[in-house]
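Visitor: quick one, fold the following:
(4 chains)
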Protein chains: 4
Amino acid sequence: MKKITLGVGVIGSGFMGKIHAWAFGSVGRIFALQQKPVLSMMADISAAAAARAANQLSFERSTGDWRELVHSPDVDIVSIATPNIYHAPMALEAIKAGKYVYCEKPMATTLRDALEMTRLAEEEGVITIVGFNYLRNPMIRLARDIIESGEIGEPTGYRGVHSEGFMADKNQPYTWRCEKKNAGGATSEIGSHVLATARYLLGDIDEVCGQMDTIYHTRPAADGSQREVNIDDQMNCLVKFKKYGFTGTLTASWLATGRAMHHGFELSGSKGSMVFDQSRFNELQLYKADQRGGRKGFTRIELGPEHGDYGAFCLASGHQLGFNDLKILEVKKLLDCIATGRQTDLSFRDALQVTRVSEAIARSSEEGCWVEMTEIEDLPSLQRRKPKISSGNIKAVLEKPV
Amino acid sequence: MKKITLGVGVIGSGFMGKIHAWAFGSVGRIFALQQKPVLSMMADISAAAAARAANQLSFERSTGDWRELVHSPDVDIVSIATPNIYHAPMALEAIKAGKYVYCEKPMATTLRDALEMTRLAEEEGVITIVGFNYLRNPMIRLARDIIESGEIGEPTGYRGVHSEGFMADKNQPYTWRCEKKNAGGATSEIGSHVLATARYLLGDIDEVCGQMDTIYHTRPAADGSQREVNIDDQMNCLVKFKKYGFTGTLTASWLATGRAMHHGFELSGSKGSMVFDQSRFNELQLYKADQRGGRKGFTRIELGPEHGDYGAFCLASGHQLGFNDLKILEVKKLLDCIATGRQTDLSFRDALQVTRVSEAIARSSEEGCWVEMTEIEDLPSLQRRKPKISSGNIKAVLEKPV
Amino acid sequence: MKKITLGVGVIGSGFMGKIHAWAFGSVGRIFALQQKPVLSMMADISAAAAARAANQLSFERSTGDWRELVHSPDVDIVSIATPNIYHAPMALEAIKAGKYVYCEKPMATTLRDALEMTRLAEEEGVITIVGFNYLRNPMIRLARDIIESGEIGEPTGYRGVHSEGFMADKNQPYTWRCEKKNAGGATSEIGSHVLATARYLLGDIDEVCGQMDTIYHTRPAADGSQREVNIDDQMNCLVKFKKYGFTGTLTASWLATGRAMHHGFELSGSKGSMVFDQSRFNELQLYKADQRGGRKGFTRIELGPEHGDYGAFCLASGHQLGFNDLKILEVKKLLDCIATGRQTDLSFRDALQVTRVSEAIARSSEEGCWVEMTEIEDLPSLQRRKPKISSGNIKAVLEKPV
Amino acid sequence: MKKITLGVGVIGSGFMGKIHAWAFGSVGRIFALQQKPVLSMMADISAAAAARAANQLSFERSTGDWRELVHSPDVDIVSIATPNIYHAPMALEAIKAGKYVYCEKPMATTLRDALEMTRLAEEEGVITIVGFNYLRNPMIRLARDIIESGEIGEPTGYRGVHSEGFMADKNQPYTWRCEKKNAGGATSEIGSHVLATARYLLGDIDEVCGQMDTIYHTRPAADGSQREVNIDDQMNCLVKFKKYGFTGTLTASWLATGRAMHHGFELSGSKGSMVFDQSRFNELQLYKADQRGGRKGFTRIELGPEHGDYGAFCLASGHQLGFNDLKILEVKKLLDCIATGRQTDLSFRDALQVTRVSEAIARSSEEGCWVEMTEIEDLPSLQRRKPKISSGNIKAVLEKPV
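Guide: As a prediction, the model looks like this:
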């Protein structure tokens, strides 16, 4: 009998690259997998940095040239954990090389890139996944199941938010996050999470009316001067949900002093409601209108073995998952899809839709009016979720003995 | 030495009228007042209902004709606790009669009425107050003091909400609250609270973009038929604050299943933040960016003797005020203003501004665009907050021996 | 037809006396009563203080001699809101005068006094009530109903606490609360609440093992000297519940820095649990083991119209009762019992049991051992809850026309 | 240059063994270590089970004989994750073999064993650590730092609890946890956590008075019969802290229906207080008496990069650690101590003290009286925290090239 492995190449040895490596290295001890990921190669901008990281993170090899990684025969999965502007060229090259692609969010810095990445990935039939890690929380899946099963009736209201405070101080230095060409700004950086969660729960958005505010128009540069900022510090918008017809609000801000990871929602339905906050992501508040009189109220559900894959991590509820465990679950999802030849539930196609809404909000903000999603360029979806390459790929893997 | 009294006439013997009577009857035992309110007269639509209420609530007299109450010489304060459509005619009559006017919210069913009420009240120099009771909470005053003192820096973000669930069931019967001519609908009914709180904290609004949703287009009538509904079930809007320039969101909904009194806000400033929820209104969450490293976090402040008039009710924090105590504080405010001849901080002029924003939201929703507040009719504010009648009124009162 | 009134005499014009007056003055506007309380007489240690209070609180008369109040024919209810040492002599005199007695907690400063007060009250058949106001909260009644109905199965665990921080600073001055002869100390002052709540929910206690700590052995006196303290700052004990057989813990402390009104419990049963905290007393957390899989959790029930008399105060849940409203409910209970000739559910007999447990804890602490309740003097309970005087009393009242 | 490794042998392939393996396998990617753990050998009761686990968890070898593992030259650390009764013989054998010992809690099933294990470990100078994982939370370390620095003044009150509900149903089957000889029962199983946390924060206990309740005297056996239970379902006790002199309460229960991981404390000091609950272990509530007037309250601190090693896991607060991350931190502690030749802060000596208090509580419960800790056998502490073997051990390791 043969032991099956999948070679993993991680591009970028910063914090997120380290977490990717850790997740691929950990997942096989949490879950019994058919195909074990092997940390084959680490790439970074310099060979030395890559070598250092490879040594600490126990990669087999390292390189200062990400293209070498992409084209290495022992790399099956290309994991992209670099600054936003590099996502598109790296992903395109990896797709062309027939690799599975795991890309951090936001998938690209422009809608044009996102369209191209999606088109090529679907043409090549590549399995892709984008790092919207919060959606790997079994609680979020529970929330979606509750909506889709009709357990809380017809959805009628939604308020979504992702706020953090890391740029709240006007003396917070100028970084690449302050540049539009890097997909900087609150909307792209953290707003993509609020859009992804809304879409995951309630489906596509039809129409948006948004307002992006730049509160601090300059930030101190490294040389002590004040440098002009050309991105938004916060975004608020009204959105209409296609499937349900009602209007909700979405907010993204990195000026929310004191907020660390206030990613959440309040969702009302005709027969119940839910409240969630990522800063206590092992909990979900659920209200059911059919509770007994005098006993009604929001129930604080704690994540436990009854919910998804939690039981693989902890024996009982109350123990709690951490953020990094969500990354293990993300990697698990990718591996499951590779094993079965299915597209993931957060493929480039899905992330493209997030990018399109983001684009619509920006246009709406600029023009001061509602924008319909039909006005934003999309891609015909013929290839969607049918990766032609996957079986072959798995075959290749199966032939590689251990 | 003379004991000073103020005669109180309450119009409407429903729940709110009862609370008005109770508040006027209670305030003198909580606070040492110079002028004690005396429950002079109760009016209701029928003489019998008025008499019954007067008997239970210990009014001196009662009447089936509210005009009789308004014109009774022993009535100094006219308290209007009737359905919305009656607010305007009763208030106008009371102003003409030179009475202090305490009117429940919303002040009127149309902007035209609100303008007229404000104009007349200011011409006549009448002290007026509108029942935005949540603003009487010393915690809300604390929040405003914190903003205005610069304690949390420059405000940069605001999310306000008032949601309840009492109409969430589509089988909830058709009532007068479902008619636009009665100022029915979520925006008027409960949205006025969310607008009033935002304005109380952050001042006037410049521009709005709103969306009003009618989710249930019919409701069951008393005869069993389905009756068409012509008001909104929920409202979401983007607002720009004049003084601070940033954009916030406001939401009002009566479809928020499970929510009982979710009136609150999250406000971010450059140096701190606050979170408040009326469903725990004895608490305020405050974050200060200048807290010591490793000890930062939101502090849950409990209402206590250090905050406003709380100490008149309870000896120590943790005991807690109830909703009705807020009504006592509202009455106390009116009595204080009468005693000193100043206009109240929630006069008809203030409520008019709330009405104008409500009008702007409605127009924005209808036209699908942003609306500037300058497009909405306003009243020149020459008379504002300078009641000419008050000293005379107090004189009259002083001459009335007990 | 005659209007029925009950004359109320309040002894003590401090904060609690004021609240008693306010509650008697308010109750008739919240509830439709057959017998309206009338504020007949205020007594205080000086005639001047009494007169001042009577004027502000609208009593008909006042006196510097509490015995005059007790023996006034127009006083039916004697309300005792004086320092603890005066409770016994005043209550005994009032009982002898055939008056209904409303006494603040603790009922007495010694077990001997409590026994005598109970004996005389039962011999005379007087309706009595002691001011354990927290038990008037409809949420506490709901908790008891849930226990007694078996809704959470057989109780198996209990942790009760009443902690406040008002003496946490060692420089907090010496007061009468620091003297044992005044029933000072954490156990008597606030521990009586924790004992009363435990008994209200779970019935009598069988056996106790307690430890009383005096942390600060001196406190600064008015003259600047350090004065020796002879009472406890905090008490912890193990208690066995007679009916259910299990052991729980009770804690009372006035050194709990930062705690304002942390009066609460966590109660486990074989099929559910409850958690309550007075500092959010409009809420009860309830867990039911029979909830659907994946949806289990503590439900935060908000006080609402479905719970007891809440609906007389507020139209919908979320509005919330305040502390003083509990005093109105306490007065309402007394008036209901007077109207129907029944003894109250927190009569002297009940408060005696609280006093006895308090005594047992003190003895246990002193002797360093478990103490059985049978070792503590009790009173044969023949007369219990059968007031012989009540019908006559009501008759007398009925004959007093208005 | 040589790469340094430490061979890890894990005994027991159940859930906890898997987590041990995962933690050793993960720690090197979270932290840059000088000595990398290598998963050398897995042992279980059967060779087949061991082989299966070794395969999934990526151990180099496996065995059905734990003694083989203990004596393997490539095993430096022996990790014991077996049922309680095996802890002592395995640990003793490992100590004799000169291995570092990582033992799950409770360290032993009898005080005698714990004494022997501690004696031998100290004689042999072995570095040991016991799996009180909750104490690895940087928040708990913060709490201890706050106490020890005097930041909240002198501690005066403590209520500790560890409650879960997994045995609350009387039909929960009989297991080895129901047998005293296996150190079954709530006190041993989960009470050891509550004792360990109290000691970690406040130091040694002087005297205890405890009560252990067996609520369910039988449990259903596998054959359908009711089998007698000879352990406690819950424990409550009063404890006096040696260093501070005050009395606190400790509770352990596995009957707390609805509680999943309610391990926590409320600690009062003369100048501040703290509240912690493991079920939200990324948070600590801190109250400081010196806060500004009108702004006082408990501050909810979120675990972040300012706290201990959190920053190695996550970039910003709000992301959150999970339970398993605490195990990584436990392993990290052991590796740090090995690297520097210091004894751990939760060595056998420390765990022995927990066992002794547990023994004292049992005796107190049996005899119905207070028990002083001096009555419980202890071990002279000459060798404490000075591992003689460590330097040699490290030397041996250093000589093993990779």
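
Visitor: near chain D at all, the one helix or strand A:Ala50 maps to?
Guide: Using DSSP states H and E, A:Ala50 sits in helix A:47-57. Yes. Helix A:47-57 reaches chain D (Cβ under 8 Å from any Cβ of the partner chain) through A:Gln56, A:Leu57. Where you see a C-beta, it was placed from the backbone N, CA and C, and this is true even at glycine.

Visitor: which elements pack onto that helix?
Guide: helix A:15-30, strand A:35-43, strand A:61-63, helix D:15-30 (3 or more Cβ pairs under 8 Å, 6 or more residues apart in numbering or on different chains; DSSP states H and E).

Visitor: what ranges do the helices span in chain A?
Guide: Secondary structure of chain A by DSSP state H: the helices cover A:15-30, A:47-57, A:66-71, A:87-96, A:111-124, A:138-148, A:186, A:192-202, A:310-313, A:323-340, A:348-367, A:390-398.

Visitor: tell me which of those sits nearest to D:Val126.
Guide: For those, proximity to D:Val126 was assessed by Cβ to Cβ; helix A:15-30 is nearest, at 27.0 Å.

Visitor: packing partners for the closest one?
Guide: On a contact count with 3+ Cβ pairs under 8 Å, 6+ apart, helix A:15-30 meets strand A:4-11, strand A:35-43, helix A:47-57, strand A:77-80, helix A:323-340, helix D:15-30, helix D:47-57.

Visitor: can you list the neighbours in contact with that helix?
Guide: With contacts defined as Cβ atoms under 8 Å, 6 or more residues apart in numbering or on different chains, helix A:15-30 is touched by A:8, A:10-11, A:33, A:36-37, A:39, A:42, A:44, A:53, A:57-59, A:77, A:79, A:81-82, A:102, A:104, A:131, A:312-313, A:324, A:327-328, A:330-332, A:335, D:18, D:21-22, D:25-26, D:29-30, D:56-58, D:315.

Visitor: can you check stretch A:42-54 too?
Guide: A:9-13, A:17-18, A:21, A:41, A:57, A:59-66, A:68-69.

Visitor: spell out which parts of the stretch 301-402 of chain A neighbour chain C.
Guide: Checking the stretch 301-402 of chain A against chain C by Cβ under 8 Å from any Cβ, the hits are A:Ile301, A:Glu302, A:Glu306, A:His307.

Visitor: on that earlier part again, now the helices and strands packed on helix A:15-30 as TSV including distance to A:His193, mean neighbour count and mean pLDDT?
Guide: Converted to TSV, the helices and strands packed on helix A:15-30 look like this (distance: least, Cβ to Cβ, whole Å; neighbours: other Cβ atoms under 10 Å in any protein chain shown; pLDDT from 0 to 100):
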stretch	distance to A:His193	mean neighbour count	mean pLDDT
strand A:4-11	22	25	95
strand A:35-43	25	24	96
helix A:47-57	26	18	96
strand A:77-80	18	29	98
helix A:323-340	12	22	97
helix D:15-30	24	23	97
helix D:47-57	33	18	96
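
Visitor: and those as CSV, adding distance to A:Pro220?
Guide: As requested, the helices and strands packed on helix A:15-30 are exported to CSV (distance: least, Cβ to Cβ, whole Å):
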stretch, distance to A:Pro220
strand A:4-11, 31
strand A:35-43, 32
helix A:47-57, 27
strand A:77-80, 30
helix A:323-340, 30
helix D:15-30, 33
helix D:47-57, 50
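
Visitor: looking at the ones you listed, which is closest to C:Ala121?
Guide: Each of the helices and strands packed on helix A:15-30 has some distance to C:Ala121 by Cβ to Cβ; the shortest is helix D:15-30, at 61.4 Å.

Visitor: gap between the closest one and the chain center?
Guide: The chain centroid and the centroid of helix D:15-30 are separated by 16 Å under Cα atoms, centre = their mean, to the nearest Å.

Visitor: one more: stretch A:144-155?
Guide: On Cα atoms, centre = their mean, the centre of stretch A:144-155 falls 23 Å from the chain's centre.

Visitor: so what touches it?
Guide: Counting by Cβ under 8 Å, 6+ apart, A:200-202, A:241, A:244, A:246, A:267-274, A:286-289, B:257 sit against stretch A:144-155.

Visitor: list buried residues within those.
Guide: A:200-202, A:241, A:244, A:246, A:267-274, A:286-289, B:257 (16 or more other Cβ atoms under 10 Å in any protein chain shown).

Visitor: can you narrow these to ones near chain C?
Guide: Okay, of those touching chain C (Cβ under 8 Å from any Cβ), that's A:Leu286.

Visitor: out of the buried ones among the contacts of stretch A:144-155, which are inside strands?
Guide: A:Phe241, A:Leu267, A:Ser268, A:Gly269, A:Gly272, A:Ser273, A:Met274, A:Leu286, A:Tyr287, A:Lys288 (DSSP state E).

Visitor: reformat those residues as JSON lines; add distance to chain B and pLDDT.
Guide: Shown next, in JSON lines, are these (distance: Cβ to the nearest Cβ, whole Å; pLDDT from 0 to 100):
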{"residue": "A:Phe241", "distance to chain B": "11", "pLDDT": "98"}
{"residue": "A:Leu267", "distance to chain B": "10", "pLDDT": "98"}
{"residue": "A:Ser268", "distance to chain B": "5", "pLDDT": "98"}
{"residue": "A:Gly269", "distance to chain B": "6", "pLDDT": "98"}
{"residue": "A:Gly272", "distance to chain B": "6", "pLDDT": "98"}
{"residue": "A:Ser273", "distance to chain B": "4", "pLDDT": "98"}
{"residue": "A:Met274", "distance to chain B": "9", "pLDDT": "98"}
{"residue": "A:Leu286", "distance to chain B": "9", "pLDDT": "98"}
{"residue": "A:Tyr287", "distance to chain B": "3", "pLDDT": "98"}
{"residue": "A:Lys288", "distance to chain B": "8", "pLDDT": "98"}
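
Visitor: for chain B, what's the nearest residue on the stretch 51-200 of chain A?
Guide: A:Thr156 (4.8 Å; Cβ to the nearest Cβ).

Visitor: mind checking how far that residue is from B:Met167?
Guide: Distance from A:Thr156 to B:Met167, counting by Cβ to Cβ, to the nearest Å: 10 Å.

Visitor: shared neighbours, these two?
Guide: Counting by Cβ under 8 Å, 6+ apart, the residues touching both A:Thr156 and B:Met167 are B:Asp233, B:Leu255.

Visitor: skipping adjacent residues, who's closest to the residue nearest in space to the middle of chain A in space?
Guide: Centroid-nearest residue in chain A, with Cα atoms, centre = their mean: A:Phe132, separated by 1.4 Å. Once flanking residues are discounted, A:Phe132 sits nearest to A:Ala196: 4.5 Å by Cβ to Cβ, 6 or more residues apart in numbering or on different chains.
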